[in-house]
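Trainee: for reference, the sequence and a predicted model appear below.
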Amino acid sequence: MIMKPGLVGIGLMLAVGCTPKAPEGPTPEELAAQAALERLMGTETCTDASASSGGMQPELMPCRISLGEGKPSLVVTATPMTDGAEGLSGQIRIETWGDGGLSLQVIEETALYAYNYPYTEDLTADGLPDLMVPLMTGNVNTSYALWVQGADGQFARAGELGGVSIGQTPQGLIAASGRSSAAEWETGYFRVTNGALEEVAAVVNRADPEPGEPARTEPACEVIRIVEGVDPAPFCQAAPAAPE
């Protein structure tokens, strides 16, 4: 049987029209977001990374910090330490990732001599975790950059704190205690005012003399700085224990 050319063309047109359209694949943006989420979920937490490797590392392994269920996560990375004018230094990069692998904010700080892992803690007593980024660790004390989280989830740099232990007092102040000698330590008390750290008071505590040592001539607790209008008495009535 011989088909006429016109019938052949109509048949081809019908065949083409009935062929299902191939489904479209994900866009490059969707693939990048998916890859970012897979990397995030496969990265260990900074708490686990710190526990397994310890502090004062020449390299910082990539890690993540969760801000809570349904909230963004922080991804921490760092460059290798390099030797420069100030000695060894490196860059810490902390990126906030939202739903769908969306980058919301990038924080960068310079660390000196060695790395320690960042961590979060609600130091401003507003129910939102703030970010502590270690900048330099000495023989005893560590200096940190404090990034305060706002209601919009963004972090803003409030200033720097230093010491062996940093936490919150029952009065809602930030207490940063550091060793100045084996028998003496200083505690600074801070609040965040208009987004910036403000020192409220600074207190020096001195340990009791060991047996056989000469009697101490300085007071066991002494307020050495205080802002105008603040009562100094409570700062020595409940003096903190010596930082370990």
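Mentor: Sure thing, it's come through.

Trainee: the residue nearest the centre of the chain is in what secondary structure piece?
Mentor: The centroid of the chain falls nearest to residue 131 when counting by C-alpha atoms, centre = their mean (3.6 Å). Taking DSSP states H and E as the definition, residue 131 sits inside strand 130-137.

Trainee: all helices for this protein, in order.
Mentor: Assigned by DSSP state H, the chain shows helices spanning 5-18, 28-41, 46-53, 233-237.

Trainee: strands along the chain, start to end?
Mentor: Counting by DSSP state E, one finds strands in the chain at the ranges 63-66, 73-78, 82-84, 87-97, 103-112, 119-121, 130-137, 142-149, 155-163, 165-168, 174-181, 184-193, 196-206, 221-226.

Trainee: so can I have CSV of those showing mean pLDDT and distance to residue 243?
Mentor: Every residue, glycine included, has its C-beta placed from N, CA and C. Shown next, in CSV, are these (pLDDT from 0 to 100; distance: least, C-beta to C-beta, whole Å):
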stretch, mean pLDDT, distance to residue 243
strand 63-66, 92, 24
strand 73-78, 93, 25
strand 82-84, 86, 31
strand 87-97, 93, 24
strand 103-112, 95, 21
strand 119-121, 95, 16
strand 130-137, 95, 14
strand 142-149, 97, 11
strand 155-163, 97, 7
strand 165-168, 93, 5
strand 174-181, 91, 5
strand 184-193, 94, 6
strand 196-206, 95, 10
strand 221-226, 94, 15
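
Trainee: those strands into TSV, with extra columns for distance to residue 214?
Mentor: TSV is the format used below for those (distance: least, C-beta to C-beta, whole Å):
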stretch	distance to residue 214
strand 63-66	48
strand 73-78	47
strand 82-84	45
strand 87-97	39
strand 103-112	38
strand 119-121	40
strand 130-137	33
strand 142-149	32
strand 155-163	28
strand 165-168	29
strand 174-181	15
strand 184-193	15
strand 196-206	13
strand 221-226	18
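
Trainee: residue 215: which of those is closest?
Mentor: strand 196-206 (11.8 Å; C-beta to C-beta).

Trainee: which secondary structure elements does that closest one contact?
Mentor: Other helices and strands packing on strand 196-206, by 3 or more C-beta pairs under 8 Å, 6 or more residues apart in numbering; DSSP states H and E, are strand 155-163, strand 184-193, strand 221-226, helix 233-237.

Trainee: give the pairing partners of the second one; include direction for each.
Mentor: Strand 184-193 has its sheet partners listed here by DSSP bridges as strand 174-181 (antiparallel), strand 196-206 (antiparallel).

Trainee: so which of the ones you listed is nearest residue 84?
Mentor: Of these, nearest to residue 84 by C-beta to C-beta is strand 174-181, at 26.2 Å.

Trainee: could you tell me the least trusted of the helices of the chain?
Mentor: Between the helices of the chain, the one with the least mean pLDDT is helix 5-18; it has a mean of 45.

Trainee: quick one, what contacts the nearest residue to residue 230 once chain neighbours are set aside?
Mentor: Excluding its sequence neighbours, the residue lying closest to residue 230 (C-beta to C-beta, 6 or more residues apart in numbering) is residue 200, at 6.0 Å. Residue 200 makes contact with 173, 189, 190, 191, 226, 227, 230 under the criterion C-beta atoms under 8 Å, 6 or more residues apart in numbering.

Trainee: if we can go back for a sec, switch the helices and strands packed on strand 196-206 over to CSV; also include distance to residue 105 and mean neighbour count.
Mentor: CSV is the format used below for those (distance: least, C-beta to C-beta, whole Å; neighbours: other C-beta atoms under 10 Å):
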stretch, distance to residue 105, mean neighbour count
strand 155-163, 6, 19
strand 184-193, 19, 20
strand 221-226, 34, 15
helix 233-237, 36, 14
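
Trainee: with that, I have no additional questions.
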